[in-house]
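Asker: Could you work out the structure for the sequence below:
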Amino acid sequence: MASKVRDAVLWYQKKIGAYDQQIWEKSVEQREIKGLRNKPKKTGHVKPDLIDVDLVRGSAFAKAKPESPWTSLTRKGIVRVVFFPFFFRWWIQVTSRAVFYLLLSLYLLQVLAAVLFFSISSPHSVPVTEVFGAIWLMLLLGTVHCQIVSTHTPKASGGIGGKRRRSDSLFCKTRTHTHSRTHTHTISASVGAQTQPPSLLVWSQETLKSGTSCSSRTQDSESARHESETEDVLWEDFLHCAECRSSCSSETDADGSAACSASKKEFRDDPFHQVSNPGLERVSAIVWEGNECKKADMSVLEISGMIMNRVNLYTPGIGYQILGNLVSVTLGLTPFAYRLFQHKEPEQLASLSAGELVSVAFGSSADALVMAMVSVSFVVRVCLIWLFFFLLSVAERTYKQRLLFAKLFGHLTSARRARKSEVPHFRLKKVQNIKMWLSLRSYLKRRGPQRSVDVIVSSAFLLTLSVVFICCAQLLHVHETFLEFHYNWELVIWCASLSLYLLRFVTLGSETSKKYSNTSILLTEQINLYLKMEKKPNKKEELTLVNNVLKLATKLLKELDAPFRLYGLTMNPLLYNITQVVILSAVSGVISDLLGFNLKWRLAPAPALLSGSYSATGVSMGML
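Answerer: Have a look, this model is predicted:
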């Protein structure tokens, strides 16, 4: 029906537009319709030695995106949680069998607690929120996980790709003996003349020597494209580009030309084709082996691989994991502590016997069913809260790794810091070095989990907004009795703990952006160029060219770099409007009632709000 309406609108638009046309406009329209059909065309290609602005911005390194909009994924997540046992195959596929059994146990325990709550007839002081509050958290966790794995493919495809990759390796060894000896000798000599780190994955020399056909590699990369988050697959896809190009230039038979035409599409879609060939274009870098300083010709991928290895060797702190554990136990014990302190004063609790303490803590009832219900609810609540804070700890570690990437990247052009961090060192003394430095910068910014972690952070942000709104609404209604309900104590603990995590995310994200946006590196390299001009005046023209490129690179980074943003669901304009109209209005109302003066908030535009600058602008106060 909608398509018919669109067709009718288009038809009528063209109909009434015909009455306004003159002869010259009709002739121009005919020329536009013909377009390029009558134009002579010849074969062309994109020059790989030039770069696009997308490469510097980082958008050329595309990441996996969800298959459906977030509203659809949210609906699917809720359905898969409510009917959890019926989607057992999907849950096992996206988690593991052990995790599925854990979640199934929590699901069944929650059902048991609900059944006990409605079946108990004896009076008790256990509120509904204590028993059914975990359901909302389970729905949130299921929705978040559904958002995260929305681009995940079945593991069977990865296994097939792995088998095909191993069979291709065997085919490479067989074909090496039947391939042209001249071609093998040329590649072996060129690779042998280059010094590479021992790990680089030997494997790259084997790959270059082997004459694997481009067609099989194209199929392999297509099968593994959805698993591109793993480091080894990324390296394999990028380094195969060099292999395909070298084999295409040497093979002149019919099969080789057909395979090369199939590989051109993959090469064109590879973002590294914009920095020429990652297997052939290199920069002369300094590496340290103990106290010895040596030179090696390294590519962008090899330098990034060494940086990633250094980051992987870093032992992260467990402070936020411990904080999550403490918050989980605290929230689980809050109802027991609330009932104890509500029943007696703290100094009077010592006079109660152990049996009386247990009876009061479990709802002022010695009924075994009530105690079972409270115990089951306690286990479910603690486990689900721990799972949520576990996800936040994963996000915190990812943000910390991003900061380490940025720090080590800044050490590349400093000899002292590069040696201390055990990363390669090279100067921006050539235009080619500047181009590779910009490419490496963009690649490291896009490396690692992106959308999945942003979904977790966005969920924490939304949960914090919800908790703040509920607290503000209750404070506006009855602030005298706000702390007389145990769930309000829980909301305060939730708000405080989530605020700590969000503050940590904003701090790490802002520090990472500052590291990548630090132009002092480029300014230092310009000074080095002037020093070199003074020592070698015969190279002044060449060094002046490099200096001008550095100035342009500085301006380009200032133009493209944006402040840190919490991506994901928080970028939704609807959520921004809710934040501005509802949340801040409630906060200002609470402050007005409690503190006695009027406070009006006016937020900055949406990008500024979500870039980490949460300070309000245009604040006006007036005494009531």
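Asker: Could you tell me the average pLDDT over the longest helix anywhere in the chain, please?
Answerer: As assigned by DSSP state H, the longest helix anywhere in the chain is helix 368-410. Average pLDDT, helix 368-410: 92.
Asker: Report the separation between the closest residue to Val128 other than its chain neighbours and Leu369.
Answerer: Spatially, and ignoring its direct neighbours in sequence, Val128 is nearest to Phe117 (7.6 Å; CB to CB, 6 or more residues apart in numbering). Every residue, glycine included, has its C-beta placed from N, CA and C. Distance, Phe117 to Leu369, using CB to CB, to the nearest Å: 10 Å.
Asker: now swap in Glu542 and tell me
Answerer: From Glu542 across to Leu369, the span is 86 Å (CB to CB).
Asker: Burial check on Lys445, number of neighbours?
Answerer: Residues lying near Lys445 (other CB atoms under 10 Å) number 20.
Asker: so which strand or helix has it?
Answerer: Assessed by DSSP states H and E, Lys445 sits inside helix 431-446.
Asker: same thing with Leu333?
Answerer: helix 319-343.
Asker: Who are the packing partners of that helix?
Answerer: On a contact count with 3 or more CB pairs under 8 Å, 6 or more residues apart in numbering; DSSP states H and E, helix 319-343 meets helix 354-361, helix 368-410, helix 486-516.
Asker: and these, which is most packed in?
Answerer: helix 368-410 (a mean of 20; mean count of other CB atoms under 10 Å).
Asker: List the residues that contact Val81.
Answerer: Counting by CB atoms under 8 Å, 6 or more residues apart in numbering, Val81 touches Met138, Leu139, Leu141, Gly142, Thr143.
Asker: any idea which of the residues you listed is closest to Val99?
Answerer: Comparing the contacts of Val81 against Val99 with CB to CB places Leu141 closest, at 11.6 Å.
Asker: where's that closest one relative to Leu109, distance?
Answerer: Distance from Leu141 to Leu109, by CB to CB: 15 Å.
Asker: Asp297 looks like it's in a strand, true?
Answerer: Yes. Asp297: assigned to a strand according to DSSP: H, G, I helix; E, B strand; the rest coil.
Asker: So in terms of bridging, what pairs with it?
Answerer: With DSSP bridges applied, Asp297 shows beta-bridge pairing to Ser284.
Asker: Roughly how far does it sit from Ser284?
Answerer: 6 Å.
Asker: one step back: ok, and for the helix holding Leu333, which residues are buried?
Answerer: 320-321, 323-325, 327-328, 330-332, 334-336, 338-339, 343 (16 or more other CB atoms under 10 Å).
Asker: Pick out whichever of those sits closest to Gly448.
Answerer: Closest approach to Gly448 among those (CB to CB): Tyr320, at 18.0 Å.
Asker: Just list the residues touching the closest one, thanks.
Answerer: Shown in contact with Tyr320 (CB under 8 Å, 6+ apart): Leu392, Ser393, Glu396, Tyr501, Arg504.
Asker: Let's verify Lys294: helix, strand, or coil?
Answerer: Lys294 ends up strand, using three-state DSSP.
Asker: you'd agree it is up against Pro424?
Answerer: No. With contact defined as CB atoms under 8 Å, Lys294 does not reach Pro424; the gap is 10.5 Å.
Asker: more neighbours, those two?
Answerer: Pro424 (22 against 10).
Asker: And the more buried one, how far from Gln401?
Answerer: 19 Å.
Asker: And Gly290, by the same measure?
Answerer: 27 Å.
Asker: Now do stretch 361-377: distance from first to last residue.
Answerer: End-to-end distance for stretch 361-377, by CA to CA, to the nearest Å: 13 Å.
Asker: hang on, I meant stretch 423-430
Answerer: 20 Å.
Asker: Residues in contact with it: which ones?
Answerer: Residues contacting stretch 423-430 (CB under 8 Å, 6+ apart): 283-287, 296, 298, 303, 306-307, 310, 408, 411-415, 418-419, 433-434, 437, 521-522, 525, 528-529, 532, 543, 546, 550.
Asker: between the buried residues of helix 319-343, which is closest to Asp454?
Answerer: Closest approach to Asp454 among the buried residues of helix 319-343 (CB to CB): Tyr320, at 17.6 Å.
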